[in-house]
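Undergrad: would you be able to build a 3D model of this:
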Amino acid sequence: WAIKEVTMKRFAAILLSIFTVFALTACQPTPEAAVVMRKDFDILIERAAGSNAFGSENLSERYNIPKHITKELEGIGGKLSVSIDAAITIPIESTLSVYRVTPADFTQEQVDKIISALYDGNALHTVDSTWTKLDIERMLTDMRQHLSDTDTDEGKEHFNQQIEMLEKMYETAPNEKVEPPSDGTLMTKQINNPLTGKPMDEYTYLDVEDEQGRRLYIRNNSSGSEYITVESDTGGNEVFDASSRGAMLNFGNTTCIYEIADITFGDSEGLSAKKLFDCSPEQAMAVAQQFVSAIGAEYMRPWKMHIVSDIPKEDSDMWDSWFLSLTKQDWAYRISFVRTLNGAEVTADTLTSSSDYGRGWTYEYMHITVDRSGIRHFVWQSPYEILETAVTDAALLDFARIQEIFEKMIFIIRDSRFDSEEIVNARYDVDKILLSLQRINEQDSAENGLLIPVWTFYGDSTFHYANGHSSTKTEQVFLTINAIDGSIIDRALGY
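TA: As a prediction, the model looks like this:
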């Protein structure tokens with residue numbers, strides 16, 4: 001195991017300059033034309049199903065994929081230099097498929113297995129999130145104190161509104177919470193349209209905890225399609241979104257959120273010799289994998305592993321002194337898992353794709369946080385349902401074509417600040433190129449998607465600014481290229 005320090009924000013959004021849109025044809029697009037575009041599913045599937053003219057069943061041989069490439073590039077008038085010194089990783093050596101997918105719910109069978117694995121027979125009760133009269137009294141005391149402390153008219157108006165709202169809620173608030181026992185059965189909640197009063201959404205959910213306060217919250221996909229914004233009593237906006245998709249599951253303690261170190265799989269050096277609190281990375285990994293197997297999700301594979309803490313690395317001294325002081329901090333191991341299909345990983349380096357308000361569709365991700373007590377935190381967002389294999393053996397572009405597209409487009413799809421005087425110069429260090437599966441969305445849909453082969457270029461970036469400052473970001477995505485047609489995929493938009 002080897003340690004690699006990471007920054008607080010692992011992934012930087014690349015602001016896309018979309019300067020042209022083109023239609024897919026039988027001809028290969030020139031690099032200048034390989035821009036972000038809506039993917040026509042039928043045309044893309046037809047292209048993926050085309051004949052593989054390269055002959056070999058071996059992916060590396062068929063598409064002339066090297067194991068490693070190096071190259072130095074410069075563009076944008078010398079403002080951006082790109083250094084490629086990257087290992088190329090492919091998931092399997094045979095074939096890659098294209099799959100049709102849709103958002104999946106957590107079934108009762110899955111929920112039962114998860115509860116059994118997490119609680120080991122402990123009694124559960126339903127969580128009542130309703131504020132009692134005592135809760136509101138405490139909040140009113142705080143608000144009145146804030147009101148007396150503020151000197152501005154704006155502040156006084158804000159706190160008076162909050163007090164007025166809480167006083168209205170107090171009139172009907174219960175004296176005690178009602179938290180009946182739960183056997184883990186999913187319940188149904190109906191949401192009414194705030195404008196018409198008619199039902200607009202319905203979903204199943206579960207909100208339970210044990211006597212130790214370990215809480216499990218599950219919310220399945222909405223049945224509706226509306227996205228409504230209304231003004232709240234306090235002057236803000238309240239959103240009712242029944243159009244977005246992505247079931248969610250969240251369990252346990254979430255205080256360890258800061259990534260302190262990236263532990264690379266497969267390296268025998270580093271942390272294995274230092275068992276933190278008698279829990280080594282190997283032991284933590286074993287706990288996480290046993291849990292994944294117990295809940296019937298063996299298709300989820302470990303992807304990344306980090307040491308996480310409730311204190312950011314930037315608040316500590318030098319690395320060695322921080323490491324020795326771990327006993328004074330709240331720490332854990334966080335293992336990220338990704339879905340695999342026929343040996344190929346389904347990756348996503350952003351959370352949600354959405355082209356406008358509503359209609360968002362969260363990418364699937366799973367994190368399991370382990371400390372000396374066992375599983376501390378478990379989150380699983382937006383599982384997929386595989387509807388069908390649309391293409392069993394997808395025809396891909398030769399890797400030389402992919403590399404050519406990258407070398408052109410890295411200077412075109414870029415941070416918009418390059419067009420100002422804010423950035424003096426920047427350097428991209430590309431150290432990893434990965435072939436995997438990635439979800440793209442059907443136009444204006446949060447329910448129909450394809451998992452397609454893509455090439456993703458990862459690395460670190462360093463920016464030098466006109467004000468004399470500089471910044472470095474690690475493990476970011478520079479470009480994701482559709483391996484079938486060479487177009488650029490914007491993960492934030494989902495196509």
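
Undergrad: tell me the buried residues in stretch 87-102?
TA: I88, I90, P91, T95, L96, S97, V98, Y99, R100, V101, T102 (16 or more other CB atoms under 10 Å). Glycine gets a C-beta too; all of them are placed from N, C-alpha and C.

Undergrad: starting at the chain centroid, how far to that stretch?
TA: Centroid displacement of stretch 87-102 relative to its chain, using CA atoms, centre = their mean, to the nearest Å, is 20 Å.

Undergrad: returning to what we had before: can you lay out the buried residues of stretch 87-102 as a markdown table showing secondary structure, pLDDT and distance to E171?
TA: Output for those, formatted as a markdown table (DSSP: H, G, I helix; E, B strand; the rest coil; pLDDT from 0 to 100; distance: CB to CB, whole Å):
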| residue | secondary structure | pLDDT | distance to E171 |
| --- | --- | --- | --- |
| I88 | strand | 96 | 66 |
| I90 | coil | 91 | 64 |
| P91 | coil | 82 | 60 |
| T95 | coil | 85 | 65 |
| L96 | coil | 92 | 61 |
| S97 | coil | 94 | 59 |
| V98 | strand | 95 | 58 |
| Y99 | strand | 96 | 54 |
| R100 | strand | 95 | 52 |
| V101 | strand | 95 | 48 |
| T102 | strand | 95 | 45 |
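
Undergrad: looking at those, which one is closest to A284?
TA: Comparing the buried residues of stretch 87-102 against A284 with CB to CB places P91 closest, at 24.5 Å.

Undergrad: all strands for the stretch 1-150 of the chain, in order.
TA: All strands of the stretch 1-150 of the chain, identified by DSSP state E, counting those that start in this stretch, fall at 2-5, 68-75, 80-89, 98-103, 124-126.

Undergrad: need those in a markdown table (columns: distance to S293).
TA: Formatted as a markdown table, these follow (distance: least, CB to CB, whole Å):
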| stretch | distance to S293 |
| --- | --- |
| strand 2-5 | 26 |
| strand 68-75 | 34 |
| strand 80-89 | 25 |
| strand 98-103 | 23 |
| strand 124-126 | 23 |
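
Undergrad: okay, those, which one's buried deepest?
TA: Comparing those by mean neighbour count (mean count of other CB atoms under 10 Å), strand 98-103 comes out on top with a mean of 21.

Undergrad: picking that back up, which two among the buried residues of stretch 87-102 are spaced furthest apart?
TA: Across the buried residues of stretch 87-102 (CB to CB), the longest gap, 31.6 Å, separates I88 and T102.

Undergrad: out of the strands of the stretch 1-150 of the chain, which is closest to R439?
TA: R439 lies closest, by CB to CB, to one member of the strands of the stretch 1-150 of the chain: strand 98-103, at 6.5 Å.

Undergrad: follow-up on the earlier one: the strands of the stretch 1-150 of the chain: which one's closest to R339?
TA: Nearest to R339, of all those, is strand 98-103, at 9.8 Å by CB to CB.

Undergrad: can you list contacts of that closest one?
TA: 44-45, 48, 221, 245-247, 341, 361, 382-391, 394, 437, 439, 446-453, 484 (CB atoms under 8 Å, 6 or more residues apart in numbering).

Undergrad: buried subset of those residues?
TA: Buried among the contacts of strand 98-103 (16+ other CB under 10 Å): 44-45, 48, 221, 245-247, 341, 361, 382-384, 390-391, 394, 437, 439, 446, 448-453, 484.

Undergrad: what sits against the closest residue to I263 other than its chain neighbours?
TA: Among residues not flanking I263 along the chain, M305 sits closest, at 4.5 Å (CB to CB, 6 or more residues apart in numbering). Listed by CB under 8 Å, 6+ apart, the contact set of M305 reads D262, I263, F265, P281, A284, M285, Y333, R334, I335, S336.

Undergrad: the first one sits in which helix or strand?
TA: This points to D262. strand 258-264 (DSSP states H and E).

Undergrad: pull the distance from that strand to the chain's centre.
TA: 16 Å.

Undergrad: that one pairs with which strands?
TA: Using DSSP bridges, strand 258-264 pairs in its sheet with strand 2-5 (antiparallel), strand 300-309 (antiparallel).

Undergrad: go through it and flag the buried ones.
TA: Along strand 258-264, these residues count as buried under the neighbour rule (16+ other CB under 10 Å): Y258, E259, I260, A261, D262, I263.

Undergrad: show me what the fourth one bridges to in the sheet.
TA: Following DSSP bridges, A261 is listed with bridge partners E5, I307.

Undergrad: before we move on, back to that, mind giving me the PyMOL select for the contacts of M305, buried ones only?
TA: Those of these that count as buried under 16+ other CB under 10 Å are selected in PyMOL with:
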select buried, resi 262+263+281+284+285+333+334+335
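
Undergrad: S148: which of the contacts of M305 is nearest?
TA: The closest of the contacts of M305, once distances to S148 are taken by CB to CB, is R334, at 42.8 Å.

Undergrad: so the closest one, which of the three states?
TA: strand (DSSP: H, G, I helix; E, B strand; the rest coil).

Undergrad: check it and give its pLDDT.
TA: We have a pLDDT of 92 for R334.

Undergrad: was I right about it contacting M366?
TA: No - with contact defined as CB atoms under 8 Å, R334 does not count as touching M366 (10.8 Å).
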